[in-house]
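Trainee: could you work out the structure for the sequence below:
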Amino acid sequence: MHLEALQELALRISGERDVGVIPQCIVEGLAQQPGIALARVWVVKPGDICQSCRLRPSCPDQTACLHLSASAGASITGESWSRTDGNFRRMPIGRLKVGSIASERAGVLITDPQSERWARPEWVQREGIASFAGQPLIFRDETLGVLAVFRRGTIDDQEFRWLRMFADQAASAIANARAFSELEQLRQQLESHNAYLKEEVEAALAFGSIVGRSRALHRVLKQVEDVAATDSTVLVLGESGTGKELLAKEIHERGRRAHKPFVRVNCSAIPREMFESEFFGHVRGAFTGALRDRPGRFQVANGGTIFLDEIGELPLDLQPKLLRVLQEGQFERVGEDITRKVDVRVIAATNQDLQEEARARRFRQDLFYRLSVFPVELPPLRARKDDIPLLATHFIGQLSKKLGKPAPRLTQEDGARLQRYEWPGNIRELQNAMERAVILSKGHHLCLDLAFPGTTIATPTSVSIVDLQDAILTDREWRERERANLLNALKRAQGRIYGSGGAADLLGVKPTTLTSRLRALKINPQDAH
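Mentor: Numbering: from 1, shown residues only. Purely as a prediction, here's the structure:
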């Protein structure tokens, strides 16, 4: 080995920022030195394959071992020495030559081909190996790994010392690359946090905080106070538009994780083929289009709370993958064989009857029990009518600022009128109605006549709107009227739910809300043609 060549190689790797490239660069450079048959680099990593490792019985500590990171050389017998998945892909720290170098943090030089220290004497003879030199990779008193070379000629003491100096420079390069990699990961995580924070701020500005003083809401908030201080998994139940995400955020902010991320995942919006990447992340090159490492939602939420919205919409075949991370707190990124740990609080939400879905085998029963540790059911807006005027006033104030218009006044008559409507779209529908009213209002007069859905949605009978406002209907009568109203909207939209002129558009509700109502009333949209 020539000193100048080692110095040139050290200079080359010192500027490398990819921690995965440095070991390969080292072994390829060393393998080009005169007489070097094989060069290898092992790095200290978690004991990830202890169950299947052939050296497990001799491993004193199964939490960490030496991973073969790079290998290069030329075999006389035609054996491939570029592979890193052979018999010595993992080495117990403190065992065999390489493991002893890591534990004792001292180099080893063998210049006798007949020495008893060779692990495979027949291989040494077959390949004509005459000497071995191994040096620990140490940076700031931390053992990062081991550098080893096998030579078909003798390695003298001077070359052994040169290898020691090179090993120190190699360890420094590896440590620097790791630091840059960690900084890049932190930068990406910060970008992800900022993106989520921006979404959360926008959502907060659009929706506001929990408003109301009804008994039904008070019972829910009491449950929130009880569970927020714990890390227990919470399942928020309720119809679409009742504010399940807002409640989840309230639980997060009242708990010990309030200063950590709150990450929202809409389970129904994630394409099947992107599930693992979206939830657990991926590494560069894992699939077409994976141009850089990307943290998944669970990694972004580490230390904080992850909110699994519309959990009932998650396909059945993808549920076991989610169950594993919920149960064990472990996952692997796509394209990576490292098992990562994550500490997150889980809050899930659904507008479905998950227990019934589990009985019907459309939802995994074990996942249902894992999620429903502490169920909280949000009442629909029709069950908390005392809160409707308060919510309407709250939305009017918010929306007036947003639209840059004077805030119109909600009169007692307006409030009573809003209370007489059943609000199938719940709080979201009320918010949309108030936005239309603010847009149409002139000055301080609130214009409900054109904006309020209770006056624009056709009723299935010949009874006038004024009569309906004064009438008291039984629950069955109201359901019948609601069913007829939904059928009328579907007929006018020719069975279409989505898009402009669809039934959801005509009713002024979200398509998912309408789909939920149709399912509850057992209405098939195709029957309305």
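Trainee: and the closest residue to Ala175 other than its chain neighbours, how far from Ala167?
Mentor: Leaving aside its sequence neighbours, Ala175 sits nearest to Phe139 (Cβ to Cβ, 6 or more residues apart in numbering; 4.1 Å). No exception for glycine: its C-beta is placed from N, CA and C like everyone else's. Separation of Phe139 from Ala167 (Cβ to Cβ, to the nearest Å): 10 Å.
Trainee: quick revisit: Ala170 is in contact with the residue nearest to Ala175, correct?
Mentor: No: assessed by Cβ atoms under 8 Å, Phe139 is found out of contact with Ala170, at 9.4 Å.
Trainee: have a look at Phe139 and Ala167 and say which one is more surrounded.
Mentor: Ala167 (25 against 16; other Cβ atoms under 10 Å).
Trainee: quick check, Ile93 in contact with His67.
Mentor: No: using Cβ under 8 Å, Ile93 makes no contact with His67, being 11.1 Å away.
Trainee: and for these two, which residues touch both?
Mentor: Common neighbours of Ile93 and His67, counting by Cβ atoms under 8 Å, 6 or more residues apart in numbering, are Val44.
Trainee: what segments of the stretch 251-400 of the chain are helices?
Mentor: All helices of the stretch 251-400 of the chain, identified by DSSP state H, counting those that start in this stretch, fall at 275-280, 297-300, 319-328, 354-359, 365-371, 388-403.
Trainee: toward the C-terminus, what is the element adjacent to the last one?
Mentor: As assigned by DSSP states H and E, the chain's next helix or strand after helix 388-403 is helix 412-419.
Trainee: any chance you could map the strands in the stretch 101-250 of the chain?
Mentor: For the stretch 101-250 of the chain, the strands defined by DSSP state E, counting those that start in this stretch occupy 108-110, 131-139, 142-151, 234-237.
Trainee: just for this protein, where's the confidence low?
Mentor: For the chain, applying pLDDT under 70 flags the ranges 1, 48-54, 189-209, 449-477, 500, 526-529.
Trainee: walk me through the domains of this protein.
Mentor: The record's domain parsing of the chain by automatic domain parsing lists 3-181, 208-379, 387-528.
Trainee: count the residues that sit near the closest residue to Thr512 other than its chain neighbours.
Mentor: Nearest residue to Thr512 in three dimensions, chain neighbours excluded: Ser240, at 5.7 Å (Cβ to Cβ, 6+ apart). Using other Cβ under 10 Å, Ser240 has 24 other residues around it.
Trainee: so Ser240 is in contact with Pro424, correct?
Mentor: No: applying Cβ under 8 Å, one finds Ser240 not in contact with Pro424, separated by 9.2 Å.
Trainee: could you name every residue contacting both of the two?
Mentor: What both Ser240 and Pro424 touch, as defined by Cβ under 8 Å, 6+ apart, is the set Thr513.
Trainee: pretty sure Gly212 contacts Thr393?
Mentor: No: using Cβ under 8 Å, Gly212 is not in contact with Thr393, being 11.5 Å away.
Trainee: okay, those two: which has more neighbours?
Mentor: Neighbour tally, Gly212 and Thr393, criterion other Cβ under 10 Å: the higher count belongs to Gly212, 21 against 17.
Trainee: residue contacts, the closest residue to the more buried one other than its chain neighbours?
Mentor: The shortest distance from Gly212 to any non-neighbouring residue, by Cβ to Cβ, 6+ apart, is to Asp387 (3.5 Å). Contacts for Asp387 (Cβ under 8 Å, 6+ apart) come out as Val211, Gly212, Arg213, Ser214, Leu217, Leu381.
Trainee: so among these, which ones count as buried?
Mentor: Applying 16 or more other Cβ atoms under 10 Å to the contacts of Asp387, the neighbour count classes Val211, Gly212, Ser214, Leu217, Leu381 as buried.
Trainee: dump these to JSON lines, plus distance to Gly29.
Mentor: Below are those laid out as JSON lines (distance: Cβ to Cβ, whole Å):
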{"residue": "Val211", "distance to Gly29": "67"}
{"residue": "Gly212", "distance to Gly29": "69"}
{"residue": "Ser214", "distance to Gly29": "73"}
{"residue": "Leu217", "distance to Gly29": "69"}
{"residue": "Leu381", "distance to Gly29": "70"}
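Trainee: and of the residues you listed, the nearest to Gly255?
Mentor: Nearest to Gly255 out of these is Leu217 (Cβ to Cβ; 19.8 Å).
Trainee: surely the closest one touches Pro379?
Mentor: Yes: in this structure, Leu217 is within contact of Pro379 by Cβ under 8 Å, at 7.0 Å.
Trainee: quick one, what contacts the residue lying farthest from the centre of the chain?
Mentor: With Cα atoms, centre = their mean as the measure, the chain has its most outlying C-alpha, relative to the mean C-alpha position, at Gln114: 55.0 Å. If you count contacts by Cβ under 8 Å, 6+ apart, Gln114 has them with Pro121.
Trainee: so how far is Val124 from it?
Mentor: Taking Cβ to Cβ, one finds Gln114 at 9 Å from Val124.
Trainee: greatest separation within the contacts of Asp387: which pair is it?
Mentor: Farthest pair in the contacts of Asp387, by Cβ to Cβ: Arg213 and Leu381, 14.1 Å.
Trainee: which parts of the stretch 401-529 of the chain are helices?
Mentor: Under the criterion DSSP H, counting those that start in this stretch, the stretch 401-529 of the chain carries helices at the ranges 412-419, 426-440, 453-456, 465-470, 475-492, 503-507, 511-520.
Trainee: CSV for those, including mean neighbour count and distance to Asp337?
Mentor: CSV is the format used below for the helices of the stretch 401-529 of the chain (neighbours: other Cβ atoms under 10 Å; distance: least, Cβ to Cβ, whole Å):
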stretch, mean neighbour count, distance to Asp337
helix 412-419, 15, 58
helix 426-440, 21, 44
helix 453-456, 16, 54
helix 465-470, 11, 65
helix 475-492, 16, 51
helix 503-507, 22, 45
helix 511-520, 19, 38
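Trainee: go through the strands of the stretch 101-250 of the chain and pick out the most buried.
Mentor: Neighbour counts (mean count of other Cβ atoms under 10 Å) averaged over each of these peak at strand 234-237, with a mean of 24.
Trainee: from the contacts of Asp387, pick the one nearest Thr512.
Mentor: Nearest to Thr512, judged by Cβ to Cβ, of the contacts of Asp387 is Leu381 at 16.5 Å.
Trainee: residues contacting the closest one?
Mentor: Taking Cβ under 8 Å, 6+ apart, we find Leu381 in contact with Gly241, Thr242, Asp387, Ile388, Leu391, Trp423, Asn426, Ile427, Glu429, Leu430.
Trainee: returning to what we had before: show me the one of the helices of the stretch 401-529 of the chain that comes nearest Ala10.
Mentor: Nearest of the helices of the stretch 401-529 of the chain (Cβ to Cβ): helix 511-520, 60.0 Å.
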